[in-house]
Each structure stands twice: as C-alpha cells, then as structure tokens.
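*Asks:* Have a look at this prediction, sequence included:
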Amino acid sequence: VPPAPHVPLIYEAHVGMSSEEEKVSSFNEFTAGVLPRIKQAGYNTIQLMAIAEHPYYGSFGYHVSNFFAVSSRFGTPDDFKRLVDQAHGLGLRVIIDIVHAHAAKNEVEGLGNFAGDPTQYFKAHDHPAWDSRLFDYGKPEVLHFLASNCRWWLDEYHVDGFRFDGVTSMLYHDHGLGKSFTSYDDYFGDDVDKDALVYLRLANDAIHAVRPDATTIAEEMSGLPGLASPIAEKGVGFDYKLSMGIPDYWIKLLKEVPDEQWHVGDIYYELTNKRAEERTISYAESHDQALVGDKTIFFWLTDKEVYTGMSVFDHSLIIDRAMALHKMIRLVTLGTAGGGYLNFMGNEWGHPEWIDFPRQGNGWSYAHARRLWSLVDDSNLRFKYLNAFDSAMIHFATDSKFLDREPHILVRDIERQLLIFERSGYLFVFSFNPTTSYTDYQFDVPAGKYTTVLNTDNPAFGGDNRIDESVEHFTQYTGKENLLSLYIPARIGFVLKLVD
C-alpha cells in the first residue's frame with residue numbers, strides 16, 4: 001500500500017461513465033484503460049464515486065441501499081479488489097465516497113423497512129430535499145452499523161480512506177438548507193445535530209485506529225470550526241475538508257463578470273480563505289459543476305465553439321481565451337491550495353458538454369454519461385495541450401513540494417490585474433489582464449537568480465511562446481529593496497524558481 005502522501009493530488013472518477021462507449025463501464029475496463037492515464041498524469045490518489053450499491057444509476061451513487069456491497073453493475077467484489085491492487089501497484093492511493101448522511105428509501109433491497117419498522121435505523125421524517133431516509137445517530141445500533149461499515153471497506157477492500165458525502169446535511173437539523181452561515185452562532189446553536197457530530201468524531205477515530213495512514217475528507221460547506229482538526233485538539237478528526245466555495249466562485253466569475261473586471265485581490269482572497277489550522281482540498285471544479293443544468297469551466301469558456309474551433313489547424317480568439325484561462329485557473333487554484341488538490345475525470349483536458357445519466361427525461365441515453373477519451377488522444381485537436389499542461393502542473397507540484405509551505409502575497413495590482421505570490425521559493429506570476437502586456441514590471445522579492453519552471457504560454461501547452469524561458473532573471477538591490485523586473489504578457493500564468 002502506498003504511504004499517505006503529504007499532499008493528496010486527487011483524481012475524482014466514476015467507473016460507470018469512464019468508458020467512451022454508451023454503456024455502464026466496468027471495474028476491469030477502468031483498471032485497464034483509466035488507471036494508466038491517472039498514473040501518467042501524475043496524480044497520487046484516486047477518489048472513486050458510487051462504489052456502494054445503489055438502485056438508481058442516475059443518483060451518482062448517493063442513494064445507497066446496500067452499504068456493505070460493491071455495486072454489481074460495475075462487476076464483482078473481486079474485480080474491485082483487483083482495481084485497488086493494481087492502483088496500489090502503480091503507487092496510487094484509493095479513497096471512496098462513503099454516504100452516511102442518508103439512505104435510499106427502497107424497502108425490498110435496502111434498510112428502509114428492514115425489520116418491519118421504518119424507524120429501526122432512521123428518523124421518522126425523510127430528507128426534505130433528497131427524498132431519502134435520515135439515519136438516527138442517537139441509536140447505538142446505527143453507530144455500530146455505520147462505524148463497522150467504515151472498517152469493512154478498509155479491511156475487506158484495502159481502500160485508503162473516504163470522502164464523507166453530505167456532511168453539512170448531517171451536522172444540522174435543518175441540513176444547512178437555505179442557510180448562509182455568516183455568524184459563529186450558526187455553528188453552536190440548537191440546530192446542530194450533536195448525535196451526528198459525535199458519530200463523525202467516532203467514525204474518524206475508528207478509521208484512524210484501524211488504519212493510522214487512512215485519509216478522511218469532509219464534503220462540507222458551512223465551515224464548521226474544528227471539522228478538519230485532530231480529535232486530540234478537540235476537533236472532529238477529518239484530515240481534510242473540501243474547499244467548496246472555490247469552484248462556486250470560479251463559475252460565478254465566468255458567468256457574471258467580464259474579463260476586464262476580474263479583481264485579483266478578490267481572487268487571491270477567495271482561494272486562500274481558510275482557517276490556518278485546517279487542511280483543505282482546493283479544486284476549480286468537480287463532478288458537481290459538470291452535471292446537467294450546469295457547465296464545466298471549459299464549456300463556460302467555449303460554449304458552441306468547442307465543436308468547431310478545437311482543431312490545431314484552426315485559429316479562434318474564443319478558443320485562445322478559453323485555453324489560456326483554463327490553464328491559469330487551474331494553476332492559481334493549485335498554487336494557493338491549502339493542503340491538497342482535486343480534479344474530476346476529463347476536466348483536466350477540457351472535456352466538453354455536461355454529465356447526464358440515463359433517465360426518462362433524456363430517453364435513457366448514455367450519450368452524456370461517458371468520457372470521450374478519443375478527443376484528447378487525437379493529435380489534431382487542442383485538447384492534448386490542456387492535458388499536457390495539467391500533467392506538467394501536477395508533476396511540478398509533486399517534485400517541487402511547494403505546497404509544504406503557505407503562500408505569501410507580493411503583488412496585488414488591481415488596476416493592471418496582476419497577481420504575484422511566493423511559495424516555498426517559487427514565484428507564481430499571473431496576469432488576468434485580457435489585452436495589455438507589461439514590460440519591465442518591477443516588484444520586491446527575496447534576492448537571487450530566478451528561472452522559469454512552468455509557463456501556461458509554452459507552445460507545448462498550446463500557448464503563443466511570448467516569454468523566453470531560457471532567460472535568467474536577477475534581482476537588483478536598490479538600497480532598500482531587491483527588485484525583480486519581468487515582462488508579463490496579457491493573460492498568462494508562469495512560475496519562477498529561486499535557484500541561488
């Protein structure tokens with residue numbers, strides 16, 4: 001089993017929709033076809049969705065009926081074990097979504113009316129938004145059932161941890177619905193489900209007792225203090241929490257704010273807004289943003305142009321903008337990350353359109369419940385450039401270990417839309433200005449020589465090659481400051497390393 005990475009670089013994936021064919025893919029196909037892609041891309045952790053059995057495929061695995069069963073639609077338990085073993089052999093950790101916030105209402109195959117009593121495991125009322133049963137965490141048998149479920153997946157399948165789904169819904173009697181959480185009073189009032197809080201601490205304690213190297217991640221949006229703090233420090237015990245506000249911020253920016261009005265101070269604040277003691281997983285987008293009714297970042301940037309403008313032989317200003325911002329958004333999100341980074345399968349190379357599982361409303365079609373790998377494998381399409389950049393970026397994060405330290409802001413030039421910060425001896429330089437380039441832009445930095453190590457504008461990543469990466473940049477001491485002078489083209493992100 002690979003050791004727990006100091007910084008999890010997570011590739012979120014769904015086995016069923018991982019094939020290009022219009023069908024439910026299998027564990028074996030994922031093992032043969034997708035695991036090598038993840039390894040090559042440089043990620044160190046796979047987060048698998050929808051592993052526990054769920055009656056409705058379109059639920060994305062979140063309406064679980066059989067908590068101790070691998071979903072049979074993807075293959076056998078042995079097939080899943082083989083997937084985990086193969087991933088471990090490649091040096092990849094495997095964590096799975098675990099859904100202990102609620103359960104499917106099904107009574108024939110699920111717990112809904114297990115012994116003739118609908119309240120044996122559940123509260124008397126259902127979830128008001130999800131049409132599902134709510135666990136009663138005040139009952140010892142529920143605690144035993146759920147805690148043993150955590151151990152089962154660790155012992156039987158050798159998974160390396162869990163992403164706990166729907167933690168906000170668990171924590172509050174009103175499930176956090178329609179609540180903004182603007183005051184600390186919201187975290188410590190009567191609305192907090194103390195039984196659920198006790199269970200989550202118990203679950204983390206049990207998981208780490210069985211596997212001290214296990215990774216637990218909370219999907220939680222209220223910002224409950226102490227959620228990702230150790231139990232020994234009076235926390236709930238999660239290793240990480242998802243920074244759910246970051247993808248919402250990027251989508252809001254793309255939908256509502258013209259490029260000329262992007263505020264680099266706001267961008268940096270939103271990306272770094274977390275409690276210092278908590279480790280977080282940053283991400284530009286996950287599966288949530290790709291679901292039908294929404295769009296991926298690349299689809300927001302390109303819209304219909306993605307169908308006609310992605311040939312390497314064509315030139316499109318819309319695609320040029322989309323390619324640049326797609327890379328920049330990912331680089332600045334990773335560069336400011338608070339402990340880890342996540343990407344959903346295919347989004348790293350700009351997978352077009354949306355996710356829509358087979359349902360009555362779409363004629364039970366699988367057309368949007370798959371991954372079009374042939375697009376990124378086609379040397380005549382520009383998707384390959386986004387994929388190459390993402391791989392270079394992820395490998396850079398691993399090799400440089402820059403996430404070991406916190407970022408420090410150096411430049412927030414609101415008027416020019418320039419953002420520069422330092423982290424672990426690396427300078428991250430961004431220009432969100434869509435039209436204007438700046439020559440001899442000077443700012444104070446630690447003294448020394450700087451060289452380029454990553455550049456969104458590199459031709460290998462579909463860029464225009466506007467900066468000479470062979471140039472060595474030296475600081476100049478003015479008597480008060482060590483000034484670095486750079487040429488910063490419009491709409492670019494690049495990283496410089498302090499070498500001596």
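*Replies:* Cool, got the structure.

*Asks:* what residue ranges in the stretch 201-350 of the chain score low on pLDDT?
*Replies:* For the stretch 201-350 of the chain, the stretches with pLDDT under 70 are 292-293.

*Asks:* all strands for the stretch 251-400 of the chain, in order.
*Replies:* Applying DSSP state E, counting those that start in this stretch to the stretch 251-400 of the chain gives strands spanning 280-282, 339-344.

*Asks:* Now do the helices in the stretch 101-250 of the chain.
*Replies:* For the stretch 101-250 of the chain, the helices defined by DSSP state H, counting those that start in this stretch occupy 140-157, 167-171, 194-210, 245-256.

*Asks:* Give the closest residue to K81 in space, chain neighbours not counted.
*Replies:* Y157 (6.0 Å; C-beta to C-beta, 6 or more residues apart in numbering). For the C-beta atoms, the positions are set from N, CA and C on the backbone; glycine is no exception.

*Asks:* Do I have it right that that neighbour meets F80?
*Replies:* Yes. Counting by C-beta atoms under 8 Å, Y157 does reach F80; the two are 6.2 Å apart.

*Asks:* Now do the shared contacts for the two.
*Replies:* Taking C-beta atoms under 8 Å, 6 or more residues apart in numbering as the contact rule, Y157 and F80 both touch V70.

*Asks:* Mind checking which of the two has more residues around it?
*Replies:* F80 (25 against 18; other C-beta atoms under 10 Å).

*Asks:* which of the helices of the stretch 101-250 of the chain is buried the deepest?
*Replies:* helix 167-171 (a mean of 24; mean count of other C-beta atoms under 10 Å).

*Asks:* who touches that one?
*Replies:* 100-102, 127, 130, 137, 175-176, 192-193, 196-197, 199-200, 218-222, 224, 227.

*Asks:* Distance from it to the middle of the chain?
*Replies:* Averaging C-alpha positions (C-alpha atoms, centre = their mean, to the nearest Å) puts helix 167-171 19 Å from its chain's average.

*Asks:* average model confidence for that helix?
*Replies:* For helix 167-171, mean pLDDT is 97.

*Asks:* Are any of the contacts of helix 167-171 buried, and if so which?
*Replies:* Those of the contacts of helix 167-171 that meet the buried threshold are 100-102, 127, 130, 137, 175-176, 192-193, 196-197, 199-200, 218-222, 224, 227, by 16 or more other C-beta atoms under 10 Å.

*Asks:* hmm, back to that, the strands of the stretch 251-400 of the chain into JSON lines, with extra columns for distance to Q289?
*Replies:* As requested, those are exported to JSON lines (distance: least, C-beta to C-beta, whole Å):
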{"stretch": "strand 280-282", "distance to Q289": "14"}
{"stretch": "strand 339-344", "distance to Q289": "8"}
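
*Asks:* Can you give me the distance of the residue nearest to the spatial centre of the chain to H102?
*Replies:* For the chain, the residue nearest the mean C-alpha position is L342 (2.8 Å; C-alpha atoms, centre = their mean). Using C-beta to C-beta, to the nearest Å, L342 is found at 23 Å from H102.

*Asks:* Then T119?
*Replies:* 14 Å.

*Asks:* repeat for A115
*Replies:* For A115, the distance to H102 - C-beta to C-beta - is 19 Å.

*Asks:* before we move on, what about H173?
*Replies:* In terms of C-beta to C-beta, H173 sits 14 Å off from H102.

*Asks:* Repeat that for E29.
*Replies:* Taking C-beta to C-beta as the measure, E29 falls 30 Å from H102.

*Asks:* Check P128 too.
*Replies:* To H102, P128 is 11 Å away according to C-beta to C-beta.

*Asks:* now swap in I95 and tell me
*Replies:* With distances taken as C-beta to C-beta, I95 is found 20 Å from H102.

*Asks:* next one: V84
*Replies:* In terms of C-beta to C-beta, V84 sits 26 Å off from H102.

*Asks:* re the thing from before, quick one: which of the strands of the stretch 251-400 of the chain is nearest F443?
*Replies:* For F443, the closest of those is strand 280-282, at 24.7 Å, according to C-beta to C-beta.

*Asks:* How far away from the center of its chain is stretch 176-196?
*Replies:* Centre-to-centre, stretch 176-196 and its host chain are 25 Å apart (C-alpha atoms, centre = their mean).

*Asks:* got the CA positions of it in CSV?
*Replies:* C-alpha atoms of stretch 176-196 as CSV (Å, rounded to 0.1, in the frame of the first residue of the first chain):
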residue,chain,number,x,y,z
GLY,A,176,-28.0,23.6,6.1
LEU,A,177,-30.7,24.3,3.5
GLY,A,178,-31.0,27.9,2.6
LYS,A,179,-28.6,29.0,5.3
SER,A,180,-25.6,31.4,4.7
PHE,A,181,-23.6,30.6,7.9
THR,A,182,-22.5,34.2,8.4
SER,A,183,-22.1,34.0,12.2
TYR,A,184,-20.4,31.7,14.7
ASP,A,185,-23.8,31.4,16.4
ASP,A,186,-24.8,29.3,13.4
TYR,A,187,-22.3,26.6,14.4
PHE,A,188,-23.1,26.4,18.1
GLY,A,189,-26.9,26.7,18.4
ASP,A,190,-29.6,24.1,19.0
ASP,A,191,-29.8,23.4,15.3
VAL,A,192,-26.5,21.4,15.4
ASP,A,193,-27.2,17.6,15.5
LYS,A,194,-25.0,16.7,18.4
ASP,A,195,-25.6,13.0,17.8
ALA,A,196,-24.3,13.3,14.2
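
*Asks:* buried set for it?
*Replies:* The neighbour-count check on stretch 176-196 (16+ other C-beta under 10 Å) flags G176, D186, Y187, V192, D193, D195, A196 as buried.

*Asks:* Farthest-apart pair in those, please.
*Replies:* D186 and D195 (18.4 Å).

*Asks:* Just to be sure, L454 is in a strand?
*Replies:* Yes. When DSSP: H, G, I helix; E, B strand; the rest coil is applied, L454 is found to be in a strand.

*Asks:* Tell me who's in contact with it.
*Replies:* Residues counted as contacts of L454 (C-beta under 8 Å, 6+ apart) are L331, A392, M393, F396, F494, V495.

*Asks:* how many other residues sit next to R423?
*Replies:* Residues within reach of R423, counting by other C-beta under 10 Å, total 19.

*Asks:* go on, Y121?
*Replies:* Y121: 21 neighbours (other C-beta under 10 Å).

*Asks:* so where do the helices sit in the stretch 251-400 of the chain?
*Replies:* Under DSSP H, counting those that start in this stretch, the stretch 251-400 of the chain gives helices at 264-272, 287-290, 297-302, 317-335, 373-377, 383-400.

*Asks:* would you list those helices in TSV and tack on distance to A232 and mean neighbour count?
*Replies:* Shown next, in TSV, are those (distance: least, C-beta to C-beta, whole Å; neighbours: other C-beta atoms under 10 Å):
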stretch	distance to A232	mean neighbour count
helix 264-272	26	18
helix 287-290	32	20
helix 297-302	39	22
helix 317-335	30	22
helix 373-377	45	17
helix 383-400	29	20
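
*Asks:* JSON lines for the ones you listed, including distance to M49?
*Replies:* Listed next are the helices of the stretch 251-400 of the chain as JSON lines, based on distance: least, C-beta to C-beta, whole Å:
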{"stretch": "helix 264-272", "distance to M49": "25"}
{"stretch": "helix 287-290", "distance to M49": "7"}
{"stretch": "helix 297-302", "distance to M49": "19"}
{"stretch": "helix 317-335", "distance to M49": "21"}
{"stretch": "helix 373-377", "distance to M49": "18"}
{"stretch": "helix 383-400", "distance to M49": "20"}
